[in-house]
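# what follows is a predicted protein model with its sequence.
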Amino acid sequence: MAVLPKLVGEKIKRREDPALIQGYGKYVDDVPMIGTLHAAFFRSQYAHAKINSLDVSAAKSHPGVVTVLTGEDLLGKVGTVPCGAAGPGMNVPVNHALAVGKVGFVGQPIAVVVAETAAAAQDALDLIEMDVDVLPAVVDPKVAAEADSPVIHEEFGTNIMFRVFGPAPEPSPTPLGITDQLFQQADKVVSLKITQQRLVPMHMETRGVLANFDRSRNKLTVWASTQVPHLLRTLLAGAISLPENRVQVIAPDVGGGFGAKIQLYPEELVVPYVAHQLGRPVKWIEKRREHFTSTIHGRGLVEYFDAAVKNDGTLLAVKCKCYCDMGAYLQLLTPAIPGLGLILMAGAYDAQAIEYEQIAVFTNKVATDAYRGAGRPEAAYAIERLMDVIAHELDMDPVEVRRKNFITDFSKPTPGGLMYDSGDYPISLDKALEVINYDELRAEQKRLREQGRYMGIGVSSYIEICGIGPSFLMPPGVGGWETCTIRVEPTGLVTVLT
């Protein structure tokens, strides 16, 4: 009988590497297509402004330009950018693929130029004239939540997208909830403000879209630098009113995604629409400067933590008030990302209760969304900083504070409502301490400080929520299923699609 190779602990060669390391990779910009037109986007220079007029006539007359389209041209023809997540009583602004009437952040696409060459398209952008009334910009998420802050979306009368308290308090025989009771029992309350700054996902390959419509087969084919070709196909077909089985989305080699390419971006709506209308291939490759302002950002939280602790380092409860910078408009998962961190904010530690207030606010910036862990790194950073501050204020070793509070009972849900699969955190910690020879490092640290030299020693645990299927985190309407097709070919070979 054939012996199956052992996989756990073995080095397995990745199938995609030989082509990539030899320079044979094929990205969106490498897909050959005869007669390809090139798209370039005219973008907002203003964080917040009312558009009084937009004159594209000179751009249309520029040599090599095939068409110029504005947001007004797409009304009723191209759907809006969708958001697949929700919050209680959430205010959802209309997110046009090209801005209509006003702009909410620097980099927001306003018009698209399609030309025979990329250079002609880029030159024509300089001929577009726009008259605006500049409006006050709101950039600080805490300021955005204040009643006297300039309002970004007048139809809501507030910059607060939604406010949620969680988790639901447990029944209590006293007027105080369980969290407040635990805070009354504390020997000490440790407080900490954490700013989780915005950051830009910086993949090696910027975003790109190439679309071609074959009139003879009534089929639209789209090549996109995306992490979600199947979802992109579904959303795109609905947005431009094509049957889904007439749309094919291909993700060739992708030079980095990190969550930022789990989206349907405005450009991924506009370029396929233009290709469908013109009957010619149309390509857009994002420039690095565009990437900074037009691709989603990550993080963007201002958090205020309080931890109730005993003098021996026992963690009783954690409270958090979190201002979440959502940006001016919503992308696919924008409202959901901070919540993934808040329900996980106790991390690997056995707090008896957690309580949070999540205040999601609009600001005059590009949307935040999934990036490198999507909420979970934020949770780990916050609780690990908090554990260090607890250790500092109680004059305890940071390792011992963690060891004292590790979860050991996995038969019950965490205060955030999560069931952890399993774990033996003390064994993992002990192994790490052994590998680095922790006691000797601490002794060296002490010796160096006596010499005026500073060596830091960091300790951190990380809990991951992953493989989320239909659940309270992902309702059935959102998806989350996995599929697999296995075919036995006439030659006897087996094809697996997963």
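Ah, there it is.
# got any ranges where the stretch 1-150 of the chain has weak pLDDT?
Under the criterion pLDDT under 70, the flagged ranges of the stretch 1-150 of the chain are 1-5.
# which parts of it are strands?
Under the criterion DSSP state E, counting those that start in this stretch, strands of the stretch 1-150 of the chain are mapped to 37-43, 49-55, 65-70, 102-103, 109-115, 129-134.
# now the second one against strand 65-70, angle please.
Our comparison of strand 49-55 with strand 65-70, counting by axes from the mean of the first three to the mean of the last three CA atoms, to 10 degrees, yields an angle of 150 degrees.
# walk me through which strands strand 49-55 pairs with, and which way each runs.
strand 102-103 (antiparallel), strand 129-134 (antiparallel) (DSSP bridges).
# ends of stretch 273-291, how far apart?
Between the opening and closing residues of stretch 273-291 lies a distance of 22 Å (CA to CA, to the nearest Å).
# report the distance from the host helix or strand of residue 384 to the chain centre.
Taking DSSP states H and E as the definition, residue 384 sits inside helix 376-393. Between the mean C-alpha location of helix 376-393 and the chain-wide mean there is a distance of 22 Å, by CA atoms, centre = their mean, to the nearest Å.
# output the very next helix or strand once past that helix as CSV, restricted to C-alpha atoms.
Tracing the chain C-terminally past helix 376-393 and defining elements by DSSP H and E, one meets helix 398-405 next. Once non-C-alpha atoms are left out, helix 398-405 reads as follows in CSV (Å, rounded to 0.1, in the frame of the first residue of the first chain):
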residue,chain,number,x,y,z
PRO,A,398,5.1,40.6,33.8
VAL,A,399,5.5,36.8,33.3
GLU,A,400,4.0,36.0,36.7
VAL,A,401,1.0,38.3,36.1
ARG,A,402,0.3,36.5,32.9
ARG,A,403,0.8,33.1,34.4
LYS,A,404,-1.5,33.9,37.3
ASN,A,405,-4.3,34.9,34.9
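# how's the chain carved up into domains?
For the chain, the structural domains run 33-135+202-294, 143-200+297-451, going by the TED database.
# could you look up the SS state of residue 283?
Here residue 283 is strand, with the state taken from DSSP: H, G, I helix; E, B strand; the rest coil.
# likewise residue 323?
The assignment at residue 323 comes out as strand when based on three-state DSSP.
# same check, this time on residue 189
Look at residue 189: counting by three-state DSSP, its state is strand.
# do I have it right that it meets residue 308?
Yes: with the criterion set as CB atoms under 8 Å, residue 189 and residue 308 qualify as a contacting pair; they are 5.8 Å apart. All C-beta atoms are positioned from the backbone trio N, CA, C, and that covers glycine.
# coming back round to it: which of the domains of the chain has the lowest average pLDDT?
When mean pLDDT is averaged over each of the domains of the chain, domain 143-200+297-451 scores lowest at a mean of 93.
# got the end-to-end distance for it?
End-to-end distance for domain 143-200+297-451, by CA to CA: 45 Å.
# in a markdown table: the domains of the chain, plus mean neighbour count and distance to residue 25.
Written out in a markdown table, the entries for the domains of the chain read as follows (neighbours: other CB atoms under 10 Å; distance: least, CB to CB, whole Å):
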| stretch | mean neighbour count | distance to residue 25 |
| --- | --- | --- |
| domain 33-135+202-294 | 19 | 4 |
| domain 143-200+297-451 | 18 | 22 |
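# export the ones you listed to TSV and tack on distance to residue 27?
As requested, these are exported to TSV (distance: least, CB to CB, whole Å):
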stretch	distance to residue 27
domain 33-135+202-294	5
domain 143-200+297-451	20
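# at the geometric centre of this structure, which residue sits there?
Central residue of the chain (CA atoms, centre = their mean): residue 370, 1.4 Å from the mean position.
# now the residue lying closest to that residue once chain neighbours are set aside: how far from residue 12?
Leaving aside its chain neighbours, residue 370 sits nearest to residue 259 (3.6 Å; criterion: CB to CB, 6 or more residues apart in numbering). Here the distance between residue 259 and residue 12 works out to 24 Å (CB to CB, to the nearest Å).
# what do you get for residue 197?
On the measure of CB to CB, residue 197 and residue 12 end up 37 Å apart.
# okay, and the beta partners of the closest residue to residue 41 other than its chain neighbours?
Ranked by CB to CB, 6+ apart and with sequence neighbours excluded, the top spatial neighbour of residue 41 is residue 109, at 4.5 Å. Using DSSP bridges, the bridge partners assigned to residue 109 are residue 43.
# returning to that earlier point: so can I have TSV of the strands of the stretch 1-150 of the chain showing distance to residue 343?
As requested, the strands of the stretch 1-150 of the chain are arranged in TSV below (distance: least, CB to CB, whole Å):
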stretch	distance to residue 343
strand 37-43	36
strand 49-55	37
strand 65-70	42
strand 102-103	34
strand 109-115	34
strand 129-134	40
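# can you tell which of those strands is closest to residue 282?
strand 37-43 (4.8 Å; CB to CB).
# how about residues contacting the closest one?
Outside of strand 37-43, the residues within contact range by CB atoms under 8 Å, 6 or more residues apart in numbering are 66, 106-118, 120-122, 124-125, 128, 130, 267, 270-271, 274, 278, 280-284, 290, 293-294.
# what of stretch 418-425?
Contacts of stretch 418-425 with the rest of the structure, by CB under 8 Å, 6+ apart, involve 343, 344, 348, 406, 407, 408, 410, 413, 414, 461, 463, 465.
# wait, isn't the last one in contact with residue 340?
When you say that, I think you mean residue 465. Yes: the pair residue 465 and residue 340 qualifies as a contact (CB under 8 Å) at a distance of 6.2 Å.
# right, so of the domains of the chain, which gets closest to residue 471?
domain 143-200+297-451 (10.2 Å).
# distance from the chain centre to the closest one, please.
Here domain 143-200+297-451 is found 18 Å from its chain centre; the criterion is CA atoms, centre = their mean.
# cool, and stretch 226-237?
16 Å.
# and if you look at stretch 11-23?
Averaging C-alpha positions (CA atoms, centre = their mean) puts stretch 11-23 28 Å from its chain's average.
# could you check which helix or strand contains residue 441?
Remark: residue 441 resides in helix 438-450, with elements defined by DSSP H and E.
# oh sorry, the question was meant for residue 233
Applying DSSP H and E as the criterion places residue 233 in helix 229-239.
# so after that helix, what's the next helix or strand?
Tracing the chain past helix 229-239, the next element assigned as helix or strand by DSSP H and E is strand 247-250.
# looking at the strands paired with strand 49-55, which is nearest to residue 21?
strand 102-103 (42.6 Å).
# surely residue 226 meets residue 251?
Yes: counting by CB under 8 Å, residue 226 touches residue 251, with 5.2 Å between them.
# so how far is stretch 280-293 from its chain's centroid?
Stretch 280-293 has its average C-alpha position 19 Å from the chain's average C-alpha position, going by CA atoms, centre = their mean.
# first-to-last residue distance for it?
Note: stretch 280-293 ends 29 Å apart using CA to CA.
# do a quick rundown of the helices in this protein.
Ranges of helices within the chain are 17-21, 57-61, 71-74, 118-125, 141-144, 178-185, 229-239, 266-278, 288-294, 337-342, 376-393, 398-405, 425-436, 438-450, based on DSSP state H.
# could you say what helices and strands the longest one packs with?
Right, the one you point to is helix 376-393. Taking 3 or more CB pairs under 8 Å, 6 or more residues apart in numbering; DSSP states H and E as contact, the helices and strands that helix 376-393 lies on are strand 188-196, strand 301-309, strand 315-327, helix 337-342, helix 398-405.
# so which residues make contact with that helix?
If you take CB under 8 Å, 6+ apart as the criterion, helix 376-393 is touched by 188, 190, 192, 194, 196, 299, 301, 303, 305, 307, 309, 313, 315, 318, 320, 338, 340-342, 344-347, 349, 396-398, 400-402, 405, 459-465.
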